[in-house]
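In: Sharing a sequence plus its predicted fold:
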Amino acid sequence: MMPFSSEATRFDRVIVFDLDDTLYLERDYVLSGLGAVGRWARNALGIDGLGEMMRARFEAGFRTHIFDESLMEMGLTPSPPLIARMLGTYRQHRPDIRLAPDADHFLAARDERTGFAVITDGFLDAQRRKIRALGLYGRGIHLGICTDRWGRDCWKPNPRAFEHVEQLFECSGASLTYVADNPSKDFTAPRERGWRTVQIARPERIHHFASHEGVKADRVIETLEEL
């Protein structure tokens, strides 16, 4: 988590973002990671074409067991030690990702009376690398919370990160807004705490959710230009 300045308590309102498929497209991270694993396999194991194979499976709509099935398709055995090394490479690679254009524009047009923060689930090292790659602290994000720093039990819908934001910004209720993509976990805690909630449903997102799934947000948008 980025060091937090007490000056941030001056804000009238705070907008808090999820990260994946909210400020950038998660598919870009996946493709970046698969490329990194492919390069590692070529350099460390002499396996050519694995990166292209995994990318093709992902682009075809496969979302699980990409490592295992790509290896088998190439006639290789997906042993647990090999899969673990591939997964470690994926999570620890330097992401080649960019802010979505609307997110870039939104943050560039921020006003001084609005605070900005991020609350994101996921493995700690990977999420920190994403935040650095996107340069969020240089683009007006005052606070970044990776919930995994407290352990998996504190991932959303656990309210701990939302309580932490309230304490640091010294505000509560409708002065806070959470913008995220996943109704199955994202909006439970902020709605219970009286925050405003906005679901961003980017057309290019990886995960799609049924209209009856999870806790609904107050609004649904497709781009931050609507926010």
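Out: Sure, I can see it. The structure presented is a predicted model; accordingly, all values stated were derived computationally and were not measured.
In: from memory residue 176 sits against residue 197, does it?
Out: No. When contacts are counted by CB atoms under 8 Å, residue 176 is not listed as touching residue 197 (9.6 Å). Backbone N, C-alpha and C define where each C-beta goes, glycine included.
In: Overlap in contacts, these two.
Out: Overlap between the neighbourhoods of residue 176 and residue 197 consists of residue 190, taking contacts as CB atoms under 8 Å, 6 or more residues apart in numbering.
In: and residue 153, what is it in contact with?
Out: With contact set as CB under 8 Å, 6+ apart, residue 153 has no partners.
In: please renumber so the chain begins at 14
Out: Right, with 14 as the first residue, what we last looked at is residue 166.
In: Now do the closest residue to residue 129 other than its chain neighbours against residue 71, distance only.
Out: Leaving aside its sequence neighbours, residue 129 sits nearest to residue 154 (CB to CB, 6 or more residues apart in numbering; 5.0 Å). Residue 154 is 28 Å from residue 71, where distance means CB to CB, to the nearest Å.
In: who has more neighbours, the two?
Out: Neighbour tally, residue 154 and residue 71, criterion other CB atoms under 10 Å: the higher count belongs to residue 154, 22 against 18.
In: Name the residues of the longest strand along the chain that are buried.
Out: Of all the segments of type strand in the chain, defined by DSSP state E, the longest one is strand 127-133. Residues of strand 127-133 classed as buried: 128-133 (neighbour count, 16 or more other CB atoms under 10 Å).
In: next one: stretch 76-90
Out: 79-81, 83-84.
In: cool, stretch 209-225 as well?
Out: Counting neighbours by 16+ other CB under 10 Å, one finds that the buried residues in stretch 209-225 are 209-213, 215, 218.
In: Can you name the element that comes right after the longest helix that the chain contains?
Out: Of all the elements of type helix in the chain, the one with the most residues (DSSP state H) is helix 39-53. Moving toward the C-terminus from helix 39-53, the first helix or strand encountered (DSSP states H and E) is helix 63-72.
In: Need the contact partners of that following helix.
Out: Contacts of helix 63-72 (CB under 8 Å, 6+ apart): 40, 43-44, 47-48, 50-52, 54-55, 79-80, 82-84, 86-87.
In: likewise stretch 189-197?
Out: Applying CB under 8 Å, 6+ apart, the contact partners of stretch 189-197 are 26-31, 33-35, 132, 175, 178-179, 182, 199-200, 203, 206, 208-215, 218, 220, 222, 226-230, 237, 240.
In: which ones among these are found in helices?
Out: Taking DSSP H, the ones among those that sit in helices are 175, 178-179, 182, 203.
In: Let's see if you can find the most crowded of those.
Out: Neighbours here are counted as other CB under 10 Å. On that basis the top member of these is residue 203, with 28 neighbours.
In: mind checking which helix or strand the residue lying closest to that one once chain neighbours are set aside is in?
Out: Nearest-residue entry for residue 203: residue 191, 4.2 Å, with adjacent residues in sequence omitted and distances by CB to CB, 6+ apart. Here residue 191, judged by DSSP H and E, is contained in strand 189-193.
In: Relative to that strand, what are the paired strands and their orientations?
Out: Each strand paired with strand 189-193, and its direction, by DSSP bridges: strand 26-30 (parallel), strand 209-213 (parallel).
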